[in-house]
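In: need coordinates for the below:
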Amino acid sequence: MPVAISIREGRLNSVTLLRRLGSHSRKNEIYRAFREVGRSVRTVAQLRFLADPALRRRITAVTKQGRGVNGFFA
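Out: From the prediction side, this is the model:
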């Protein structure tokens, strides 16, 4: 919570935050917190993908389109 408040108030700049996150230290509380947030976001995205057939069709269509542009065939 202190990190979020510092970011909001402008006391913590992006360079410092990225330096702390880039350390990949398992002891770094900021790194661990953002890693867990990332896991939560990924899980929600996966659940939305599984629950929504229209979203699956849209993502599949865009993925196929991207593969065609890049010369990949699957």
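
In: distance between the lowest-mean-pLDDT helix or strand in the chain and the chain's centre?
Out: Using mean pLDDT, DSSP states H and E, helix 14-21 stands out as the lowest-scoring helix or strand of the chain, at a mean of 74. Chain-centre distance of helix 14-21: 16 Å, with Cα atoms, centre = their mean, to the nearest Å.

In: quick one: list the elements packing against the next helix or strand after that helix.
Out: Downstream of helix 14-21, the first helix or strand assigned by DSSP states H and E is helix 29-51. Helices and strands touching helix 29-51, as assessed by 3 or more Cβ pairs under 8 Å, 6 or more residues apart in numbering; DSSP states H and E, comprise helix 14-21, helix 53-70. (C-beta placed from N, C-alpha, C; glycine too.)

In: what's the first one in contact with?
Out: Which is helix 14-21. Contact with helix 14-21 is made by V3, I7, N28, I30, Y31, F34, as judged by Cβ atoms under 8 Å, 6 or more residues apart in numbering.

In: distance check, the fifth one against R39.
Out: To tie it back to what came earlier, the one meant is Y31. Y31 sits 13 Å away from R39, taking Cβ to Cβ, to the nearest Å as the criterion.

In: looking at the two, which is more packed in?
Out: Taking neighbours as other Cβ atoms under 10 Å, Y31 and R39 compare with Y31 leading, 16 against 10.

In: and the closest residue to the more buried one other than its chain neighbours, how many neighbours?
Out: Excluding the flanking residues, the one nearest Y31 by Cβ to Cβ, 6 or more residues apart in numbering is L21, at 5.5 Å. The number of residues packed near L21 is 15, by other Cβ under 10 Å.
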